[in-house]
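*Asks:* could you look at this predicted model? Sequence included:
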Amino acid sequence: MDELRPHIEKIHATPHKAVVAVSGAGTQAVAWLLGVAGASRTILEALVPYGQESMISFLGFEPEQSASAQTARDMAKAAFRKAKSQLEDDSPPVGLACAATIATDRPKRGEHRAFVSAWDQTSNTLYSLHLHKGLRDRAGEEEVVSRLLIHALMQLSGLESDVELGLTDGDSLEVDRTNHPSPLAQLLSGEAAWVVARDSQTLEVEGVAPSALLPGSFSPVHQGHRGLALAAERILETQVGFELSVTNVDKPDLEESEILKRLAQFTEGETVVLTRAETFYKKARLFPGRTFVVGWDTAVRLVAPRYYDDDSDTMLGALAEMWTGGTRFLVAGRQDQGTFRTLRDVAVPQGFEPLFTDLPESKFREDVSSTQIRAAEGN
């Protein structure tokens, strides 16, 4: 431990915040990290999902094999997401994981191996360690794996590492670094649930979304969108971001070129959240506790059974789930066939009135739509 202390002190001196998850081996590394002063500056959480149900709960699914490269990657990705969700500042989040099978109190037929995966915003590094079977007891193999975890965390924290792993000629270690696909590629493939675009330039996978969102297709963005967002910000006293789903119930998914074209319309200081959530039910699940800023016509669809497979019970169940999840809707009036319609013209089911709040006409009215603009432009 004395030998490793200076290395761990260097880790604790970096701004990186880590969630560490180990299964099969690596608990000694957790003890070493926590045993050096300053651990709270580095470790957000340490988990040991050893049992099957614990691993399923951590990953959200059952891995095909407990000690494999893919499981280590999946664990590191889950750890990274946990780290992002727990950040209280702009420190770089990182996920570190180990999936291993090493010596036990009974003979093993297979290899003694450990896969350590280090995940950050841009890449994943996988360390595949195969141990010389029979050379060490469990404590000896545990120490080698734990040293590898410290080495990986040093590199993940942007440090040069000279941690002595204690490998022999009978051991083998392979290192494979893979850059993540672009944020938009991750979104379109379903690997990422959402992407936050700030100032139309910076794209962050599953970044922090504003507490209020104004959904739309934004084809094109117009003064009504911006006016509504500004009015909603004044009422809600919080930032309102724009939400664009790249999927649509009735149309093909947007291609990357079209997404970039629509993002280019937004200006400095505006935030756009890109999702694959084509319904408010899905949006609310992605972003619980948010207020969605919508027009009268959207509010009508929210409480119309025909948009829930003509099933009123399904509609009521969806509304109830959104309500209990903290979702709320701020409803702006819209012009409809010469009449200005408001929340009063929405047939909100009895008992669900608190789910909706009216944005008064005196606070916002803009009789313009993307459809009208496209028609005027001949598109």
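*Replies:* Okay, I see it.
*Asks:* so residue 192 makes contact with residue 180?
*Replies:* No - taking contacts as C-beta atoms under 8 Å, residue 192 lies outside contact range of residue 180: 9.3 Å. Every C-beta, even on glycine, is put in place using the N, C-alpha and C of the backbone.
*Asks:* the closest residue to residue 342 other than its chain neighbours - how many residues pack around it?
*Replies:* Nearest residue to residue 342, sequence neighbours excluded (C-beta to C-beta, 6 or more residues apart in numbering): residue 333, at 4.1 Å. Burial measure for residue 333: 23 neighbouring residues, criterion other C-beta atoms under 10 Å.
*Asks:* and the pLDDT for residue 333?
*Replies:* Predicted confidence (pLDDT) for residue 333: 95.
*Asks:* for it, what are phi and psi?
*Replies:* phi -70, psi 160 (degrees, to the nearest 10).
*Asks:* what about the helices in the chain?
*Replies:* With helices called from DSSP state H, the chain shows them at 5-12, 27-34, 52-59, 69-86, 138-156, 183-189, 223-236, 256-263, 280-286, 296-302, 312-324, 370-376.
*Asks:* let's have those helices in JSON lines, adding mean neighbour count, distance to residue 198 and mean pLDDT.
*Replies:* Below are the helices of the chain laid out as JSON lines (neighbours: other C-beta atoms under 10 Å; distance: least, C-beta to C-beta, whole Å; pLDDT from 0 to 100):
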{"stretch": "helix 5-12", "mean neighbour count": "17", "distance to residue 198": "29", "mean pLDDT": "96"}
{"stretch": "helix 27-34", "mean neighbour count": "20", "distance to residue 198": "33", "mean pLDDT": "97"}
{"stretch": "helix 52-59", "mean neighbour count": "14", "distance to residue 198": "29", "mean pLDDT": "94"}
{"stretch": "helix 69-86", "mean neighbour count": "22", "distance to residue 198": "15", "mean pLDDT": "95"}
{"stretch": "helix 138-156", "mean neighbour count": "21", "distance to residue 198": "25", "mean pLDDT": "97"}
{"stretch": "helix 183-189", "mean neighbour count": "19", "distance to residue 198": "12", "mean pLDDT": "93"}
{"stretch": "helix 223-236", "mean neighbour count": "18", "distance to residue 198": "15", "mean pLDDT": "96"}
{"stretch": "helix 256-263", "mean neighbour count": "16", "distance to residue 198": "10", "mean pLDDT": "94"}
{"stretch": "helix 280-286", "mean neighbour count": "19", "distance to residue 198": "18", "mean pLDDT": "94"}
{"stretch": "helix 296-302", "mean neighbour count": "20", "distance to residue 198": "25", "mean pLDDT": "95"}
{"stretch": "helix 312-324", "mean neighbour count": "15", "distance to residue 198": "26", "mean pLDDT": "96"}
{"stretch": "helix 370-376", "mean neighbour count": "12", "distance to residue 198": "23", "mean pLDDT": "57"}
